[in-house]
Structures are given as C-alpha cells and as structure tokens.
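Novice: Next one to model:
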Amino acid sequence: MMNSLYLKLFLSFLKIGAFTFGGGWAMISIIEREIVDRHKWISKADFLDLLAVAQSMPGILAVNISVVIGDNLRGLKGSIVSALGTILPSFTIILAIAIFLTPDDIKNSELISSIFRGIRPAVVALIVAPVLTTARAAKIGWKTVWIPIVTALLIFSKIPFISNPITFIILGGLGGYMYYIMRQQRAVADGKEDVK
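Specialist: You can find the predicted model right below:
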C-alpha cells in the first residue's frame, strides 16, 4: 500500500513535470488539480500553506512545491520521489536537446519557433489561473486586495531593498505574527470582560 503511494506520487509529479511549460507558477494549478482534487491527498488549505512554504524556500518553485508536498505525505522518501518525478522530464528533454541539436538548430528552426509561439498564450493562462484561485482561497477581498497590488507595484519599482521579494516575505511573516498576537490579546481581553 505504502509502495503504491510512492509510485502514484512519482507518476503524478512525472506527468506534471512532463506537460508543464512556463515554470513553477504554471505548474501550481496542475499540481492542485492532481494532488488536492483528484487524489485528495491534502486539503486546499494545506496546499496553500505548503505553497507559501515552497515560495519562501530558495530554489525552483516547481521542485520546492514537489518537495514540500512529498515531505508532507511521506517524509524524506516522499520528498525525494516527488522531486525526482518533477525533475526527470526536464532533465531528459534538455539532455536530448543537448545531444541532438546545436544552438543554431534551435534558433533557426521555424518549427521550434512556431511551437513556442503557440505555447506562450497557454503559459500565460496557466500562470494567471493559480493567482486567481490562490487569491480566492486566501480570502482576499475588497478590504485586503490592496496588499498584493501594492506589493507587486513595489517589487516592480526597482527601488533598492524595497523591490526585493525577500523583504515582502519577511514583512508578510512578521505581519501574520503580529496579527496572530493581536487576535490572542483580543481573545484574552474578551474573556476577561466575560468573567466580569
């Protein structure tokens, strides 16, 4: 039973890795559909938490998300199996390209250029879709929509230190911690008022 889960985990991430273009963000909706909706291995809320962890880790988002999901399901072995499934298709394709094609072949091939021109619009949709579903699942409403908008604008501003995404990861973590403390204090204050 446990071995079959490892195999399913590997095959799921192999399929995701083989048919996703556009990097980690393009993978998110496919991973969510496979892991949350199809296999029901984790809940949507847990998926969003793991996504936040994966984004804050250094490295490639696609590999990071596979590692944290694999670790959540089956520990170290699960993370290794998931990461291998994600990496193997890209590694195989790049190795085949390196063996059989030169940079000039790729640059001058009308067929390859046409394929990538056709893929681009689909990649944009694959990137936009998880942004919208993540915003909905994170309960971003009219009162809080300013936070991601201002953050995105500041990241694009090119202002030193302020435009660094790491700054916003740290500020977001601190903001979440402060919000948690304030809610705890409010709950204690409400409890005292009830006692009186």
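Novice: Tell me the spatial nearest neighbour of E32, not counting adjacent residues.
Specialist: Take E32 and drop its neighbours on the chain: the residue closest to it by C-beta to C-beta, 6 or more residues apart in numbering is F47, 5.8 Å away. From N, CA and C alone the C-beta is placed, and that goes for glycine too.
Novice: who does the helix or strand harbouring A122 touch, helix- and strand-wise?
Specialist: For A122, the host element (DSSP states H and E) is helix 110-137. In terms of contacts (3 or more C-beta pairs under 8 Å, 6 or more residues apart in numbering; DSSP states H and E), helix 110-137 is packed against helix 24-31, helix 44-56.
Novice: Which neighbouring elements make contact with the longest helix that the chain contains?
Specialist: In the chain, with assignment by DSSP state H, the single longest helix is helix 61-100. Contacts defined by 3+ C-beta pairs under 8 Å, 6+ apart place helix 61-100 against helix 2-18, helix 24-31, helix 44-56.
Novice: mean pLDDT lowest for which of these?
Specialist: If you rank the helices and strands packed on helix 61-100 by mean pLDDT, helix 24-31 sits at the bottom with a mean of 78.
Novice: Contacts for it next, please.
Specialist: Identification of contacts with helix 24-31 by C-beta atoms under 8 Å, 6 or more residues apart in numbering yields 16, 19-20, 51, 54, 60-62, 64-66, 69, 123, 126-127, 129-131, 133-134.
Novice: can you do 7 Å?
Specialist: Contact with helix 24-31 is made by 16, 20, 51, 60-62, 65, 123, 126-127, 129-130, 133, as judged by C-beta atoms under 7 Å, 6 or more residues apart in numbering.
Novice: Output the below-cut-off pLDDT ranges for this protein.
Specialist: Scanning the chain for pLDDT under 70 picks out the ranges 1-2, 21-24, 130, 133-134, 137-138, 192-196.
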